[in-house]
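Peer 1: build me a structure from this.
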Amino acid sequence: MLHPCGTIDFRNINTLWASVIAETLHRCGITMAIVCPGSRSTPLAIAFANHPQIEAIPILDERSASFFALGRAKKTGLPTVLVCTSGTAGANFYPAVIEAKESGIPLIILTADRPAELRHCHAGQTIDQVKLYGNLPNWQCELALPEANLGMLAYVRQNTIQAWEQSLFPTPGVVHLNLPLRKPLAPLEQPEVAKLQTEFLAQDFFSGVRSDFSINSFGVNLPIDNWQHKSGIIIAGLAQPQDPQLYCQAIAHFSKLLSFPVLAEALSPVRNYASLNPYLISTYDSILRQNTIAQRLIPDVVIQIGELPTSKELRQWLKDIDVERWAIDPRYDNFDPLQGKTRHIHSSIEQLADNLDSNLVSVDRSKYCQQWCELESRTRNNLDRTLRSIDILYEGKTAWLISQSLSTATPVFLANSMSVRNAEYFWQPNNRKIVPYFSRGANGIDGTLSTALGIAYQDRGILLTGDLALLHDTNGFLIAQKFRGHLSIIVINNNGGGIFEMLPIADFPSEFEEYFATPQSVNIAQLCRAYELEHQIITSWQQLEELLQNLPPTGIRVLELICDRTKDAAWLKDNLALFSLRQE
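Peer 2: The predicted structure follows:
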């Protein structure tokens, strides 16, 4: 709907207030708002729905909506706006808020609320929404009640700019604005508000709203000369950089400069840009399971980029050797859960590489680096040969096959539990520029489907998940009617939580099956029919490979592999430690 002042709606005080928020966020850089239905949030819903440059997507289930927004923010690197009504609606955002906080993902949450006179008096749909998310947000604020004067419009504009900036800097995260609103909530005319149009000059009012404000950076002196005379490793941990190639190039530059092998987690892009790095190590989990080999590989220094990989073997080895460690990440968090001898460098690896002295010369491949590379070659060949020969539907082979079958730059969301672990064990180095996404901030299974749909929106993507993670978020399928793009969901249906088969509790059968494995016995084909989704049972690896190589442009489809979690867990325990020992 067009208004005399463009996107600013002067029909009443609430539409005016909400439209100033929407226009300010647009000028900051917002392109999408996820709107959950409700009465108290009506002015906000109308403002975003009517804004011509903001895509407003209505999503019924607030938990699903928040994880969809999280997926979009992961993909774009920009905040996604979440809008909901008063009461428990905002509480359903809580799991996604936790994940966004722990993963450093920007979200701007707008919760509509009742005014003060309707609180604490049993007015319907009213809870205490002030500081609803505790200490999780980067910033939180309850705005004043809307008023129709230029001074208060400037107030809401500036607080909205602050919300944008705080969602991104110094560390991306969550911002929560709570908005008390009195009636009228619908866009009914209030003549006294319309009079303000003559005083409102939109060009002047929004002239200071910009998205291109600068970030201060500072130089870091790295002991490169000292490192070049030591044995060391670079650990490329969990990472979702906005420019994966630049990120991988920066790591490769340090690796070649220092002759340090790069132990690359599957939840980073490094394995998918393999040609950039001649010292890439993907099988470190198998290698370090042999104690005699692990002892020979103790370095003098460890450079950790981002968060540590998932591998318990790697973490335990690092804890045991207790050597000098440098953790590189721009966030001001403690990235050493092992409590070692660690120095934190609060910068990105790209910035550090860009600021290196151009006169520095790479050193020749060291004997230490050569050791790692020879072990990688042998272990990788053994692992690939073994998986290639497996004809039965063993769940671990799925991640291995995906890494070789997708088109260039396909986004892949890896669900928690066994999906991320199988990727770390088996994901093959390649040059396909595949983009891995994940939710390892809190490591939960909630919102798996909705997050993947957010990532694949307007793209073609893959979700690799277990049955429990998928079933935990089936309300995400309600997004299907609004979904633009394609998502192929590869679900490992082993009728329960396969990761628990790897834990000591599996040796206690009387409690294990019902309380830990928790089999659900859901007919996934019938579930798909209820949502009118395509479903296929995968019966061979060739069938899956052909489907992965030809992703449709639109729609959601479920590709189901029926596996045996007990046998799969036994195979993993029996084989994973042996790949580094077998002679080619």
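Peer 1: which residues does the helix of greatest length in the chain contact?
Peer 2: Longest helix of the chain, by residue count under DSSP state H: helix 367-388. The set of residues external to helix 367-388 that reach it, using CB atoms under 8 Å, 6 or more residues apart in numbering, is 231-233, 259-261, 278-283, 286-287, 293, 296-297, 299, 365, 396-397, 400, 426, 428-429, 575, 578-580, 582-584. Placement of C-beta: from N, CA and C, glycine included.
Peer 1: in it, what's buried?
Peer 2: 368-369, 372-373, 375-376, 378-380, 382-384, 386-387 (16 or more other CB atoms under 10 Å).
Peer 1: average pLDDT for that helix?
Peer 2: The pLDDT scores in helix 367-388 average 97.
Peer 1: gap between that helix and the chain center?
Peer 2: Relative to its chain's centre, helix 367-388 lies at 30 Å (CA atoms, centre = their mean, to the nearest Å).
Peer 1: next helix or strand past it?
Peer 2: Next in sequence after helix 367-388, counting helices and strands by DSSP states H and E, comes helix 396-405.
Peer 1: what angle separates that next one from helix 367-388?
Peer 2: 110 degrees (axes from the mean of the first three to the mean of the last three CA atoms, to 10 degrees).
Peer 1: report the buried residues of helix 396-405.
Peer 2: 396, 397, 398, 399, 400, 401, 402, 403, 405.
Peer 1: who does the following helix or strand past that helix pair up with?
Peer 2: Per DSSP H and E, helix 396-405 leads on to strand 411-414 as the next helix or strand towards the C-terminus. Next to strand 411-414 in the sheet, as set by DSSP bridges, lie strand 435-437 (parallel), strand 460-466 (parallel).
Peer 1: can you list contacts of strand 411-414?
Peer 2: 71, 75, 266-267, 399, 402, 406, 420, 423, 434-438, 448, 451-452, 455-456, 459, 461-464.
Peer 1: just put the buried residues of helix 367-388 in TSV and tack on distance to residue 338.
Peer 2: Converted to TSV, the buried residues of helix 367-388 look like this (distance: CB to CB, whole Å):
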residue	distance to residue 338
368	22
369	23
372	21
373	26
375	23
376	24
378	28
379	24
380	27
382	29
383	27
384	31
386	31
387	31
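Peer 1: pLDDT value on the closest residue to residue 404 other than its chain neighbours, please?
Peer 2: Using CB to CB, 6 or more residues apart in numbering and skipping residues adjacent in sequence, the residue nearest residue 404 is residue 428, 5.8 Å away. In this model, residue 428 is scored at 97, pLDDT.
Peer 1: ok, residue 428 - contacts?
Peer 2: Counting by CB under 8 Å, 6+ apart, residue 428 has contacts 271, 282, 380, 384, 400, 403, 404.
Peer 1: ditto for residue 241
Peer 2: Contacts of residue 241 (CB under 8 Å, 6+ apart): 247, 269, 350.
Peer 1: gap between the second one and residue 250?
Peer 2: What that stands for is residue 269. 11 Å (CB to CB, to the nearest Å).
Peer 1: any common contacting residues for those two?
Peer 2: By CB under 8 Å, 6+ apart, no residue touches both residue 269 and residue 250.
Peer 1: deepest-packed of the strands paired with strand 411-414, please.
Peer 2: strand 460-466 (a mean of 25; mean count of other CB atoms under 10 Å).
Peer 1: right, and the helix or strand after it?
Peer 2: Per DSSP H and E, the helix or strand that comes after strand 460-466 is helix 467-471.
Peer 1: so residue 457 makes contact with residue 71?
Peer 2: Yes. Using CB atoms under 8 Å, residue 457 is in contact with residue 71, at 7.4 Å.
Peer 1: what about residue 106, neighbour count?
Peer 2: 25 (other CB atoms under 10 Å).
Peer 1: that one: what's it in contact with?
Peer 2: Going by CB under 8 Å, 6+ apart, residue 106 touches 73, 77, 78, 79, 80, 100, 167, 168, 172, 173, 174, 175.
Peer 1: circling back: inside helices: which ones of the contacts of residue 241?
Peer 2: Checking those against DSSP H, those in helices are 247, 350.
Peer 1: nearest to residue 148 among the contacts of residue 241?
Peer 2: residue 350 (47.0 Å; CB to CB).
Peer 1: what's the most distant pair in the buried residues of helix 396-405?
Peer 2: Longest span within the buried residues of helix 396-405, CB to CB: 396 and 405, 15.4 Å.
Peer 1: what score does residue 188 have for pLDDT?
Peer 2: pLDDT, residue 188: 94.
Peer 1: just to check, it is in contact with residue 13?
Peer 2: No. Between residue 188 and residue 13 there is no contact, the gap being 10.6 Å when judged by CB under 8 Å.
Peer 1: which of these two has more neighbours?
Peer 2: residue 13 (21 against 11).
Peer 1: for residue 317, state which of the contacts of residue 241 is nearest.
Peer 2: For the contacts of residue 241, the nearest to residue 317 is residue 269 (23.9 Å; CB to CB).
Peer 1: look up how far residue 355 lies from the closest residue to the closest one other than its chain neighbours.
Peer 2: Distance criterion CB to CB, 6+ apart; nearest residue to residue 269, sequence neighbours excluded, is residue 244 at 3.7 Å. Relative to residue 355, residue 244 is positioned 20 Å away (CB to CB).
Peer 1: what about those two, which has more around it?
Peer 2: residue 244 (20 against 14).
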